[in-house]
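> this one's sequence-less:
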């Protein structure tokens, strides 16, 4: 008797049927185990996912507005700053908010907030006259509650504990770049007196190429820059080949340095602009009470100025001040890149006068 001929089945259909049988058996086993454990049929929704933060974004990367809205459990607002280690957060996690200064702080010209705002342009990181190491970002640390640097803490202790005469005694032990940081920090938080300013600057008349004078606590003498010039000429001395070496401690710091940056805030100009050193590249004349008659001759005295700040000068607000700005020989300041006219009326005519004959426009901040 002949055996029935079997038709071969497709192997793909056989494997598909086996997978269905295994899936059904696993499902029945899972449901049987849940019924034995008296677990409800519907699974609860997971309380968190792995691809989202486990804490509110405002607590991980707080902004200024979010920090003010967060209150402590006891009911009072927490003033402790929140700092997070690690790289910057993704852009989708943060809300962009620019820091704003309260109008009440800007109304008082004697407040640290106003001085910081007024000197912000002269102390900016992009200032060409500021040479490394630059620590201007940490100047506001002690006042805003941020963690200050060790150098700034040490300078703050020196500033609080030493008088003007004591500063003159220890001046030689403070490096020039740290004396510049001390002068900047004091200009914002506690302006130096005339004695303290002279102690920090010494015979050079500046600290690491920078001089910041904040009135009415201190003013520059009318012969300040003439004394700098005379002292610079008297510094070089005859040195033998044995005494003068590149690593000699006796010759370190003996080379005369020049003045690159000058900032005057709320103090009268008691000297003639013709006495200014021609090496100045940053000049800030902010809230000067007396009108500068010879301001139009500034390009002849300081032709290398790249940053000029004339903000908050009351004598530039009336019509005569606007005419002075429009008739100013801006084309002679060939290296000018940044012009500060905060608190002044800036018109389109003035902008065209400033940028006339230039390849690159001057950044006018008003």
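Yep, that arrived. Just so you know, these numbers come straight off a predicted model, no measurement behind them.

> wait, residue 351 touches residue 364, no?
Yes: using CB atoms under 8 Å, residue 351 makes contact with residue 364 at a distance of 6.2 Å. C-beta coordinates here come from the backbone N, C-alpha and C atoms, glycine included.

> would you map the strands across the stretch 201-350 of the chain?
210-214, 261-265, 282-286, 307-309, 338-340 (DSSP state E, counting those that start in this stretch).

> output the below-cut-off pLDDT ranges for the stretch 1-150 of the chain.
1-12, 40-107, 125-146 (pLDDT under 70).

> swap in 50 and give it another go.
Applying pLDDT under 50 to the stretch 1-150 of the chain flags residues 64-81, 94-100, 126-138, 141.

> can you pull the contacts of residue 284?
Contacts for residue 284 (CB atoms under 8 Å, 6 or more residues apart in numbering) come out as 119, 121-122, 262-265, 307-309, 340.

> same thing with residue 346?
Going by CB under 8 Å, 6+ apart, the list of residues near residue 346 reads 364, 366.

> now it: phi and psi?
Note on residue 346: its backbone torsions stand at phi -110, psi 120 [degrees, to the nearest 10].

> for the remainder of this discussion, apply numbering that starts at 21.
Okay, using 21 as the starting number, the last item reads as residue 366.

> residues touching residue 360, list them.
Contacts for residue 360 were tallied using CB under 8 Å, 6+ apart; they are 141, 304, 327-331, 385-386.

> closest to residue 347 out of the contacts of residue 304?
residue 328 (15.9 Å; CB to CB).

> pretty sure the closest one sits against residue 356.
Yes: applying CB under 8 Å, one finds residue 328 in contact with residue 356, separated by 6.3 Å.

> picking up where we left off before, quick one, which of the strands of the stretch 221-370 of the chain gets closest to residue 174.
Short answer: strand 230-234, nearest of the strands of the stretch 221-370 of the chain by CB to CB, at 19.4 Å.

> tilt between the closest one and strand 302-306?
Inter-element angle recorded for strand 230-234 and strand 302-306: 0 degrees (by axes from the mean of the first three to the mean of the last three CA atoms, to 10 degrees).

> what packs against strand 230-234?
Counting contacts by 3 or more CB pairs under 8 Å, 6 or more residues apart in numbering; DSSP states H and E, strand 230-234 is packed against helix 196-209, strand 281-285.
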